[in-house]
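Trainee: output the structure for:
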Amino acid sequence: MGKTRRSGGDVREALTDEDLVPGAHPESELFARIYSALAPAVLGYFTARGVDDPEALMQDVFLSVLPRVGGITGGVAGLRTFVFSVAHARAVDYYRRIERRPRNVDYDPLLDTRAVPSAEAEALVRNGQTDAHLLIEALKPEQRDVLMLRIVGELSVEDVATVLGKTPGAVKQLQRRGLKALRELVSEGVMA
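Mentor: Residues are numbered from 1 along each chain as shown. This is a model prediction of the structure:
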């Protein structure tokens, strides 16, 4: 069993295909290994997607995935693809619910985004130090989904195609166009 070093010096056991062989570990230990290996990426995916409670959605994903672990094929790569398929579906469901039922929020002048940006904020944009979330949000939804699954989820082109129900060629095009759009957004911010 290999160990992998995470940020901050944290060392965790890496999940291997052998770990997923039936009977290799007691069920509770297997679930703990899967959760430890994949939960940070799923949490990052939901955070990058801007959901209100990424931890709750992440827990929901693992509650759905863990009972089905025995039926998943393809080793760790197959498991990762399945986990992000469920995560993507949860994110889509989340935004569908939001669209159907607008949130009621008390007015808070500190949260009012209609204000003109400060001179400091404009200077940061001119220097190319833009907020990554704003850049990602400026992309088309399909481009954003592809880039988030490829970068945050660390999925292959084929796995992203499976998650989104697209061909690998379509995923490559969306990735290329998304990266091009990000470069143009950054260039416009620097040139402004």
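Trainee: burial check on I34, number of neighbours?
Mentor: 22 (other Cβ atoms under 10 Å). C-beta: built from backbone N, CA, C; applies to glycine.
Trainee: next, the contact list for the residue most central in space within the chain, please.
Mentor: When Cα atoms, centre = their mean is applied to the chain, the residue found nearest the centroid is Y45 (1.8 Å). Y45 sits next to F84, A87, A91, M148, L149, V152, G153 when contact means Cβ atoms under 8 Å, 6 or more residues apart in numbering.
Trainee: try 7 Å this time
Mentor: Shown in contact with Y45 (Cβ atoms under 7 Å, 6 or more residues apart in numbering): A87, M148, V152, G153.
Trainee: buried set for the host helix or strand of A56?
Mentor: Following DSSP states H and E, one finds A56 within helix 54-65. In terms of neighbour count (16 or more other Cβ atoms under 10 Å), helix 54-65 has its buried residues at P54, L57, M58, D60, V61, F62, V65.
Trainee: as a markdown table, those residues with distance to G178 and pLDDT would be great.
Mentor: Formatted as a markdown table, these follow (distance: Cβ to Cβ, whole Å; pLDDT from 0 to 100):
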| residue | distance to G178 | pLDDT |
| --- | --- | --- |
| P54 | 21 | 92 |
| L57 | 23 | 93 |
| M58 | 24 | 94 |
| D60 | 27 | 93 |
| V61 | 24 | 94 |
| F62 | 28 | 93 |
| V65 | 27 | 90 |
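Trainee: can I get these in CSV with distance to L139?
Mentor: As requested, the buried residues of helix 54-65 are exported to CSV (distance: Cβ to Cβ, whole Å):
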residue, distance to L139
P54, 19
L57, 21
M58, 23
D60, 25
V61, 23
F62, 28
V65, 27
